[in-house]
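[1] sharing a model prediction with you, sequence too.
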Amino acid sequence: MIEAIVQYYVLPVLIFAVVLAFIRLVKGPSLPDRVVALDLMNTLGIGIVAVYAIAFNEGSMIDVAITLGLISFLGTIAFAYYMEKRTL
């Protein structure tokens, strides 16, 4: 029952959100807007992997979601460092 709800309702909403974030990534008026959109896409990707793990009972996919989150965090830190050096 829960698998059907996840497959037919939650995953399409998350994928639609990724499409909207991609549009913001392309159209973003400034570099910080684009980076926030990219970070949002990473977060939505983590959500998609987690929902997939729940829907198909794949516990090992949670490790993939955690790794994706760590890489996304490091990317955000690198961008903040870059912006700090750019403004000085």
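    Happy to help now that I have it. Numbering: from 1, shown residues only.

[2] okay, CA-based contacts and neighbour counts for the rest of this
    Fine.

[3] and for I23, the neighbour number?
    I23: 13 surrounding residues under other CA atoms under 10 Å.

[4] quick check: it vs L40, distance?
    12 Å (CA to CA, to the nearest Å).

[5] again with A50
    15 Å.

[6] now F73
    11 Å.

[7] which of the two has more neighbours?
    L40 (18 against 15).

[8] contacts only, for that one.
    V18, A21 (CA atoms under 8 Å, 6 or more residues apart in numbering).

[9] element containing it?
    Using DSSP states H and E, L40 sits in helix 31-55.

[10] also V26?
    helix 11-27.

[11] show the average pLDDT along that helix.
    Regarding helix 11-27, the rounded mean pLDDT is 95.

[12] how distant is it from the center of its chain?
    On the basis of CA atoms, centre = their mean, to the nearest Å, helix 11-27 sits 10 Å off its chain's mean C-alpha point.

[13] next, the buried residues of it.
    Residues of helix 11-27 classed as buried: L11, L14, I15, V18, A21, F22, R24, L25 (neighbour count, 16 or more other CA atoms under 10 Å).

[14] and the fifth one, how close does it get to V13?
    Between A21 and V13 the distance, using CA to CA, works out to 12 Å.

[15] now swap in the last one and tell me
    When distances are taken as CA to CA, L25 and V13 turn out to be 18 Å apart.
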